[in-house]
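Trainee: Build me a model from this:
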Amino acid sequence: MKYKFATHAIHAGQSPDPYSGAVITPIYQTSTYEQESPGNYGQYNYSRMTNPTRTAFEDCIAVLEKGKYGLAFSSGMAAIDTVMRTLKPGDEVVSSTDLYGGTRKLFEEVYKRNGIRFHYVDFSKLEEITAVINENTRWIWLESPTNPLLKISDIAGIAKLARQKGTKLGVDNTFASPYLQNPLELGADLVMHSVTKFIGGHSDVIMGALVVQDEDLYEDLKFYRNASGGIPGPQDVFLALRGIKTLPLRMQAHCRNAQEIAGFLDGHPAVEKVFWPGLESHENHTVAKQQMRDFGGMVSLLLKDADKETVFRKIEKLKIFTLAESLGGVESLINHSSSMTHVSLSDAEKEKAGISENLVRLSVGIEDIEDLLQDISQFLE
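Mentor: Predicted structure coming up:
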């Protein structure tokens, strides 16, 4: 039966435990399972392959992303790594200039050594993507919104281009979450999440996920995950299942607070520029309105006439926003991208990607908005 998102978030893939009647999916803390005879087993035989707690999460995230198959991983990077394992020497990937530093590090320092070639272009311009696609291109990999400049890509337009060129499109949907955006419905072949972020939502678990429609792609990814062993434990999956139940409520609060903060920052005398897709001044605001249901809880800004030391001194004033890696938890965080998430990039790469020393990224939590605005006000003084 077709239910609404909030109902699926609580019930999809889950039902009372048949043994005890427990309403919440149990933590199946086991490595192995009884077999009726050698090689004669049902759905479960070894937890690196399958685990009931993990199955419940995978079925749930697949429904929320409107896909057929879900796979859980020990981290978001483990999920991306598994996608890259489908490639062979000589294959190529097209990605965006504005890309999470960890993803770029994986591409450049691991898979480039294995003979995979990566191109980085401006994804707001389809002609730039078209110019680098060739017969060796196997994946187009995009984030939307991007980390940290919150650029928006036309997922449907890029998906159409991918089909025309005979390549696959993978979308990192971490910043939006399935509550705000469903790339598979827009034509993508694969959706990736750092479950650590908005899906988990409480900064207490490291996990990743992939969702696909195609069975052959699913079987390939499942094989590589099993072979390389990048699975989450049942305790982590349990925490993610707990978090996902409140995803709709939390995302509404994140978006509402982010809208208030972006509006406050926009035009503030201490701020050079604000990056939030919900602002009409955002260069891809129209596309964001078409493919997203709201604009997310991430806000980035450039501080006016501020060098790195000045930015650091301002960050020290904050009382509620915590200087930390990661994002998407109920608490508000601030990040200096040049020194943190994108520190591995060279100065030239940072400049090309727009990662300047006066850029900070806010993960807006669900605290009282008046308290958050007060904290930001004294941060800008």
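Trainee: Quick one: residues in contact with the host helix or strand of Leu301.
Mentor: Leu301 is part of strand 298-303, with elements assigned from DSSP states H and E. By CB atoms under 8 Å, 6 or more residues apart in numbering, the list of residues contacting strand 298-303 from outside reads 145, 148-150, 175, 258, 261-262, 265, 270-276, 310-311, 314, 327, 337, 356, 358-364, 380. (C-beta placed from N, C-alpha, C; glycine too.)
Trainee: One more: stretch 49-63?
Mentor: Contact with stretch 49-63 is made by 8-9, 12-14, 25-28, 30, 43-44, 47, 68-72, 178, 193, 195, 199, 209, 211, 226, 231-232, 234, 237-238, 240-241, 244, as judged by CB under 8 Å, 6+ apart.
Trainee: average model confidence for it?
Mentor: Mean pLDDT, stretch 49-63: 98.
Trainee: Okay, buried residues for it please.
Mentor: 50-58, 60-63 (16 or more other CB atoms under 10 Å).
Trainee: Centre of the chain to the least confident helix or strand in the chain by mean pLDDT, how far?
Mentor: When each helix and strand of the chain is scored by mean pLDDT, DSSP states H and E, helix 347-353 comes last, with a mean of 87. Relative to the chain's own centre, helix 347-353 is displaced by 22 Å; criterion: CA atoms, centre = their mean, to the nearest Å.
Trainee: Now do the buried residues in it.
Mentor: 349-350, 353.
Trainee: next structured bit after it?
Mentor: Next helix or strand after helix 347-353 toward the C-terminus (DSSP H and E): strand 359-363.
Trainee: partners of that next one in the sheet?
Mentor: Strand 359-363 pairs in its sheet with strand 298-303 (antiparallel), strand 333-335 (antiparallel), by DSSP bridges.
Trainee: what does it rub up against?
Mentor: 147-149, 258, 261, 297-303, 311, 315, 321, 326-329, 332-338, 341.
Trainee: swap in stretch 25-36?
Mentor: Here stretch 25-36 makes contact (CB under 8 Å, 6+ apart) with 14, 17, 20, 41, 44-47, 51-53, 56, 234-235, 238, 241.
Trainee: Report the distance from it to the chain centre.
Mentor: Relative to its parent chain, stretch 25-36 has a centroid offset of 30 Å by CA atoms, centre = their mean.
Trainee: Likewise for stretch 323-340?
Mentor: 14 Å.
Trainee: returning to what we had before: please indicate which of the contacts of strand 298-303 are buried?
Mentor: 145, 148-150, 175, 258, 261-262, 265, 271, 274-276, 311, 314, 327, 337, 356, 358-364, 380.
Trainee: Of the contacts of stretch 25-36, which belong to helices?
Mentor: Using DSSP state H, the members of the contacts of stretch 25-36 that fall in helices are 52-53, 56, 234-235, 238, 241.
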